[in-house]
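> sharing a model prediction with you, sequence too.
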Amino acid sequence: MEKKPTTITIDEVKYVRADSVGKQAIDDGLEYVIVRSRNQGVMSGYLVSHSGQEVTLRNARQLWQWHVNGIALPDLANDGVGDEAKCRFSQPSECDVTMLEACGILRCTEQARDSLQGVKALRNDSTVNSDG
C-alpha cells in the first residue's frame, strides 16, 4: 500500500496536510515516550533530547494516576491506558519540558501513544481537587 505524503514544500515553506495535524506536525519524527524521574514523577511526550539523566520532552503531560490492563509502566507504554476515567493527566505543555533526574525512558507503541494522548486532561475546573 502506497503511503500518502503528509507535507509539501513550496518556495522553501513546508505545508502539512490538514488530516495529519495533531500527530505528524507535532512529533516531527520524534519518538513518543514515558519518562520516570526521581523528583518529577512520570511524564509522557515526544523525546527531543536525552543526555545522562536529563531528558527534554515536547507536548509533555504529567501522569499522576493511570489505569493499565497490565501491572506496570511497560504495559502502559505497550498497550496504553485501560480505563480513561481512572486516569489523571495534565494537559500537554505548550513549551518543551526538561526533566533533570530521569531514571527510565520507555518508548511507546503507536497504540499506546494514541491512547495516552486521548485521555482528557484534568483542569482546575474539574471535579477532582488538588487535595486528592
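Received it, and whenever you're ready, just let me know what you need.

> right, and the helix or strand after the lowest-mean-pLDDT helix or strand in the chain?
Here the helix or strand of the chain ranked lowest by mean pLDDT, DSSP states H and E is helix 24-27, holding a mean of 51. Once the chain leaves helix 24-27, the next helix or strand it forms, by DSSP states H and E, is strand 32-37.

> partners of that following strand, with directions?
Here strand 32-37 is paired, per DSSP bridges, with strand 42-51 (antiparallel), strand 102-107 (antiparallel).

> between these, which gets nearest to R61?
When those are compared by C-beta to C-beta, strand 42-51 sits nearest R61, at 5.2 Å. C-beta: built from backbone N, CA, C; applies to glycine.

> quick one: low-confidence ranges for this protein?
Applying pLDDT under 70 to the chain flags residues 1-6, 14, 16-27, 124-132.

> dig out what the residue sitting nearest the centre point of it forms beta bridges with.
The centroid of the chain falls nearest to G45 when counting by C-alpha atoms, centre = their mean (3.0 Å). Using DSSP bridges, the bridge partners assigned to G45 are V33.

> check the one 5 residues further on too.
Here H50 sits in beta bridges with V55, going by DSSP bridges.

> what's around it, how many residues?
15 (other C-beta atoms under 10 Å).

> same question, the one 10 residues further on
By other C-beta under 10 Å, 25 other residues sit near A60.

> hmm, it is touching P92, no?
Yes - counting by C-beta atoms under 8 Å, A60 touches P92, with 6.8 Å between them.

> what touches both of the two?
Residues touching both A60 and P92 by C-beta atoms under 8 Å, 6 or more residues apart in numbering: G45.

> residues contacting stretch 65-80, please?
Against stretch 65-80 from outside (C-beta under 8 Å, 6+ apart): 33-34, 36, 42, 81-89, 104, 106-109, 111-116.
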